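Colleague: structure of the sequence below:
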Amino acid sequence: MNNPLSDSWLADIKRRTIERMTNLAEKKLMHWFLHWVSTPLDLIVGLISVLVLSYNNLAYPKYFMNSGNHLKIFSAGKIHNPVKGPIKRPSLKYRSIKVTVPARLNTMCFDLKTLTKPEKEFVYNAGELAFSVNASTYSEVAVNHNSSEIEVTGNTRRKSIVRHAAIIMKNVLNIDEGLVVEANNIHDFPHSGLGSSSSLITAVCIAINEMYGKPLDRRQLSLFISQNHGEEIDGDDQNLIHVQCNGGSPSVALYSGGMQIIVGESNVVLRNDIPNEYTFVFGIPKFYKKRDALELMSIETKQFDKMIESRDDFSKEIAWKVLHELIPSIMNNDMGMIGEVIKYYRFETGSLKIDSVTWSGLYELMEELIKMKNEDSPIISVSSCGPAIYALTRDPKTIQGLFEKKGMDIFVSTPNNTGYEILEALE
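Modeller: Residues are numbered from 1 along each chain as shown. Below is the predicted model:
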């Protein structure tokens, strides 16, 4: 059947409607609907219906029905916040490059409320104390002069995240050549609190920036990465879901110092090394299972009210402790006091109980493990929302034995005080 309005002003409205959509499934749905539109009244009634039954609700109903409109899905490669300041002219320096970046531990967050509704889209003022660890993520990038496309290799496990990072860098630097990209986390525990998603994005962005002569300085790149963050959805290689990012992963990669305080809008304000006498021991609890970011965010959004309550109750005390206990302790390498501040945050402000909603049994497990905190093991805690548990210790064998008794998967690493490393580069 011919559409009688195909050559009219209504056809132009249809075209513009489709062009504004970035999601393939959304476009297909709208194409199907607009095919049957033949009058302005059809258009008005139909558009209202499509808005009510939005794509996200149709595609992921069990997550979006009670999400409070907090879940945001977007196409891989979309730039939400552009680079701040002038960009130097890119100049191809390497034909291929391989870099490795450290893992970040989010030891504590300074303001949970700002994670629930940022004033600027994808820009957070929550702040954090980040530790840097040699639990690396690598990225390999090669130029392809025979194409202008991004090719993510088959060896890459989390393709949508890696594609997103490559596209945003290609677009922001106006790169004409195609790029072949591979990136993976060495320790494959996604969404366990170790910053693996952001480390992947960081590794790819750093590799491309190095490849083209570092047109973005480290502050520009750090903010660009953190303020355009997204994570994968199982079975959907084209889209990401937005997850809050305070900037820890790009910061520990781009700045030296194993301990870093990050404040509003992902700005680094204090850095110092972790003493080399310490080792990190990690334990992944047996109740951990791989879950995609969409599922986890749908759980977290239901805890937003509790996060706001925590901020209202404890924000002044947290601010006082950060200013008068945490900052001096970092400057003086007083790991014992740092451990006390982290313990206070996890157990006294409700942080750990909120995280235990996502990972049942986490609070009870930490209640047992924290009893082993002592002078040789001044910090035993959870990274980010968990359930990954870590200990900073001078007695790794004892901690390993403790974690083994709890049936955890264990790995050991060292502090990273230097940031990212270029492993290979061919001119």
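
Colleague: just give the nearest non-adjacent residue to Gly127, would you?
Modeller: Once flanking residues are discounted, Gly127 sits nearest to Phe110: 3.6 Å by Cβ to Cβ, 6 or more residues apart in numbering. For every residue, glycine as well, the C-beta is placed using N, CA and C.

Colleague: tell me which helix or strand in this structure has the weakest average pLDDT.
Modeller: Ranked by mean pLDDT, DSSP states H and E, the weakest helix or strand in the chain is helix 61-64, scoring a mean of 45.

Colleague: strands of the stretch 101-250 of the chain, residue ranges please.
Modeller: Using DSSP state E, counting those that start in this stretch, the strands of the stretch 101-250 of the chain run over 128-144, 150-152, 178-185, 231-233, 236-241.

Colleague: touching, Gly419 and Leu254? I think so.
Modeller: Yes. Applying Cβ atoms under 8 Å, one finds Gly419 in contact with Leu254, separated by 6.0 Å.

Colleague: between those two, who's got more neighbours?
Modeller: Leu254 (24 against 18; other Cβ atoms under 10 Å).

Colleague: residue contacts, that one?
Modeller: Listed by Cβ atoms under 8 Å, 6 or more residues apart in numbering, the contact set of Leu254 reads Thr202, Ile206, Arg218, Leu221, Ser222, Gly419, Tyr420.

Colleague: same thing with Gly264?
Modeller: Asn125, Gly127.

Colleague: at 6 Å what do you get?
Modeller: By Cβ atoms under 6 Å, 6 or more residues apart in numbering, the contact list for Gly264 reads Asn125.

Colleague: report pLDDT for it.
Modeller: Looking at Gly264, its pLDDT reads 90.

Colleague: just for the chain, where's the confidence low?
Modeller: 1-70, 311 (pLDDT under 70).

Colleague: quick one, longest helix in this protein?
Modeller: helix 304-321 (DSSP state H).

Colleague: quick one: contacts of that one?
Modeller: Phe110, Asp111, Leu112, Lys113, Thr116, Val341, Thr349, Gly350, Ile354.

Colleague: which of those residues lies closest to Leu402?
Modeller: Val341 (22.4 Å; Cβ to Cβ).

Colleague: that closest one belongs to a helix?
Modeller: Yes. Assessed with DSSP: H, G, I helix; E, B strand; the rest coil, Val341 lies in a helix.

Colleague: tell me the contacts of it?
Modeller: Neighbouring residues of Val341 by Cβ under 6 Å, 6+ apart: Lys321, Glu325, Leu326.

Colleague: closest one of these to Phe122?
Modeller: After measuring those against Phe122 - Cβ to Cβ - the closest member comes out as Leu326, at 26.4 Å.

Colleague: hang on, isn't Thr100 packed against Thr418?
Modeller: No. With contact defined as Cβ atoms under 6 Å, Thr100 does not reach Thr418; the gap is 11.2 Å.

Colleague: coming back round to it: now, the contacts of helix 304-321 that are in helices?
Modeller: Residues of the contacts of helix 304-321 located in helices (DSSP H): Val341, Ile354.

Colleague: tell me the buried residues within the contacts of helix 304-321.
Modeller: By neighbour count, with 16 or more other Cβ atoms under 10 Å, the contacts of helix 304-321 hold Phe110, Asp111, Leu112, Lys113, Thr116, Val341, Thr349, Gly350, Ile354 as buried.

Colleague: hmm, the second one is touching Ala126, no?
Modeller: If I follow you right, that is Asp111. Yes. If you go by Cβ under 6 Å, Asp111 and Ala126 touch, sitting 5.0 Å apart.

Colleague: out of the contacts of helix 304-321, the closest to Lys371 would be?
Modeller: Closest to Lys371, out of all of the contacts of helix 304-321 and judged by Cβ to Cβ, is Val341, at 18.3 Å.

Colleague: distance of that closest one from Lys290?
Modeller: Remark: distance between Val341 and Lys290 (Cβ to Cβ, to the nearest Å) = 32 Å.

Colleague: Asn155 now?
Modeller: To Lys290, Asn155 is 18 Å away according to Cβ to Cβ.

Colleague: same thing with Ile73?
Modeller: If you go by Cβ to Cβ, the gap between Ile73 and Lys290 works out to 20 Å.

Colleague: neighbour count winner among the two?
Modeller: Between Ile73 and Lys290, counted using other Cβ under 10 Å, the more crowded position is Ile73 (20 against 10).

Colleague: test my guess that the more buried one contacts Gln238.
Modeller: No. Contact between Ile73 and Gln238 fails when scored by Cβ under 6 Å: they sit 10.1 Å apart.

Colleague: break this structure into its domains for me.
Modeller: Listed by automatic domain parsing, the domain ranges of the chain are 9-53, 73-273+417-426, 279-413.

Colleague: winner for burial among those domains?
Modeller: Across the domains of the chain, averaging neighbours per residue (mean count of other Cβ atoms under 10 Å) puts domain 73-273+417-426 on top, at a mean of 21.

Colleague: and the helices in the stretch 301-427 of the chain, which stretches?
Modeller: For the stretch 301-427 of the chain, the helices defined by DSSP state H, counting those that start in this stretch occupy 304-321, 327-331, 335-348, 351-358, 362-369, 396-405.

Colleague: CA atoms of the third one as PDB?
Modeller: Which is helix 335-348. Only the C-alpha atoms of helix 335-348 are listed here, as PDB (Å, rounded to 0.1, in the frame of the first residue of the first chain):
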ATOM      1  CA  MET A 335      48.100   3.200  56.600                       C
ATOM      2  CA  GLY A 336      46.600   2.400  60.000                       C
ATOM      3  CA  MET A 337      44.600   5.600  60.100                       C
ATOM      4  CA  ILE A 338      43.600   5.300  56.500                       C
ATOM      5  CA  GLY A 339      42.200   1.800  57.400                       C
ATOM      6  CA  GLU A 340      40.200   3.300  60.300                       C
ATOM      7  CA  VAL A 341      38.600   5.900  58.000                       C
ATOM      8  CA  ILE A 342      37.700   3.200  55.400                       C
ATOM      9  CA  LYS A 343      36.300   1.000  58.200                       C
ATOM     10  CA  TYR A 344      34.200   3.800  59.500                       C
ATOM     11  CA  TYR A 345      32.800   4.500  56.100                       C
ATOM     12  CA  ARG A 346      31.900   0.900  55.300                       C
ATOM     13  CA  PHE A 347      30.400  -0.100  58.600                       C
ATOM     14  CA  GLU A 348      29.000   3.100  60.200                       C
END
